[in-house]
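In: Show me the folded form of this:
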Amino acid sequence: MTATLLRPRALAPGDLVVVASLSGPLHAAYETDLAQAVGVLERMGFRVRRAPLLEAGRRRWWSAARPAEIAAELNGLLRDPEVRAIVAHDGGQTVLGYLDLIDVGAVLADPKPILGYSDISLLHLVLHARTGLVGFHADLATPGLGGAWQRAAPARREQLERLYRALLTSTDPIGALPASPSWECWRPGRAEGPLLGGVINRIVLAQATPFGLPVERFDGAVLFWEEMGGHASYVWSYLHVLRHCGILDRIAGMVVGTPHAIDGLAPAGGSPGLAEIVLDVLGDRDIPVLGNVDVGHAGPNLPMPVGVRAALDAGRRTLSLLEPATEVAAVPGR
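Out: Numbering: from 1, shown residues only. Take a look at the predicted model:
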């Protein structure tokens, strides 16, 4: 395992981006959303192709295919020098089944952005642990680029499109992420460190495998997380798992995404609220906490590049990316 950051090559106009079923299947009802997602990526200046398993109606149980089939397709994309980025079509419940089948050597030989969140959090965390790869915790294709983005105000869509294009194509730091009125200071303070995180249940699952991040990799990190579904008590339990692991004693700050469809959370002003749960588990750990950030299942996502250094000022409600997520590098095979 390595602590060295592995940045993909910055994308250029005309580069090939592949949308793939890395977990759940494509339901026929969402073909229009997928087409809109392809249109968003093309407006960013990229060529777009659908991977073969991304076929409406294809499924095996709750997945697009058997884990070994998905791994084989992903490995083919990782090895193909023409493919410059991979966007997950959706999340689901499959990545845990093929973590041991990923061609880590291909990632090291030709690192490329993999975009997605939810179940894709496992890919980001495990590949970052094993190779140092920057993971692009960002919107999925179908529910995100082709779904939530289309329901957002035009100005917000344009802002997100510029932000994602810059993240993928620029070798300069993004700087301050665009804040929204929903952001809340749950505990003031400032912190600076690498972004680590994802959907909280997948963080816990990743750490339960042999491929999880060594606990010392959380030293000084800014932990970001979000959750959807389940119950408020589950969130409380996941946070306690991170406490027992020693992670909460090591991080420098925390960013919490907007919760989505979590039973047991009280309406604003009631108990328990998410902020109350977080601060209850943190206890006297005096770290800054910024809450209700635009990350997760509740709507369009601000990108959170795993491993990139960020600056958090919870009192001022700001979060800035201090390093680029990509770099200039030769393209293997060209």
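
In: Check which element follows the longest helix seen in the chain along the chain.
Out: The longest helix of the chain (DSSP state H) is helix 154-169. Later in the chain than helix 154-169, the nearest helix or strand by DSSP states H and E is strand 175-176.

In: and this protein, what are its domains?
Out: Taking automatic domain parsing as the reference, the chain has its domains at 16-169, 175-321.

In: The last one spans what distance, first to last residue?
Out: Its start and end residues considered, domain 175-321 measures 5 Å (Cα to Cα, to the nearest Å).

In: Same check on stretch 176-186?
Out: Stretch 176-186: ends 19 Å apart by Cα to Cα.

In: Quick check: buried residues in it?
Out: 177, 183, 185, 186 (16 or more other Cβ atoms under 10 Å). Yep, even glycine has a C-beta here, placed from its N, CA and C like the rest.

In: still on that earlier bit, what's the most buried one of the domains of the chain?
Out: Mean neighbour count (mean count of other Cβ atoms under 10 Å) peaks for domain 16-169 among the domains of the chain, with a mean of 20.

In: Could you check how far the longest helix of the chain is from the centre of its chain?
Out: Distance of helix 154-169 from the chain centroid (Cα atoms, centre = their mean, to the nearest Å) equals 16 Å.

In: Tell me how far residue 151 lies from residue 145.
Out: The spacing between residue 151 and residue 145, counted by Cβ to Cβ, to the nearest Å, is 12 Å.

In: Next up, the contacts around residue 71.
Out: Shown in contact with residue 71 (Cβ atoms under 8 Å, 6 or more residues apart in numbering): 98, 101, 102.

In: mind listing the strands for this structure?
Out: 16-20, 47-50, 83-88, 114-116, 135-137, 175-176, 184-187, 190-199, 222-226, 253-257, 289-293, 304-306, 309-313, 318-321 (DSSP state E).

In: The longest one pairs with which strands?
Out: The strands that strand 190-199 pairs with in its sheet are strand 222-226 (parallel), strand 309-313 (antiparallel) (by DSSP bridges).

In: Equivalent analysis for the first one, please.
Out: Using DSSP bridges, the strands paired with strand 16-20 in its sheet are strand 47-50 (parallel), strand 83-88 (parallel).

In: With distance to residue 237 and mean pLDDT added, can I get those strands in JSON lines?
Out: Shown next, in JSON lines, are those (distance: least, Cβ to Cβ, whole Å; pLDDT from 0 to 100):
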{"stretch": "strand 47-50", "distance to residue 237": "38", "mean pLDDT": "98"}
{"stretch": "strand 83-88", "distance to residue 237": "27", "mean pLDDT": "98"}
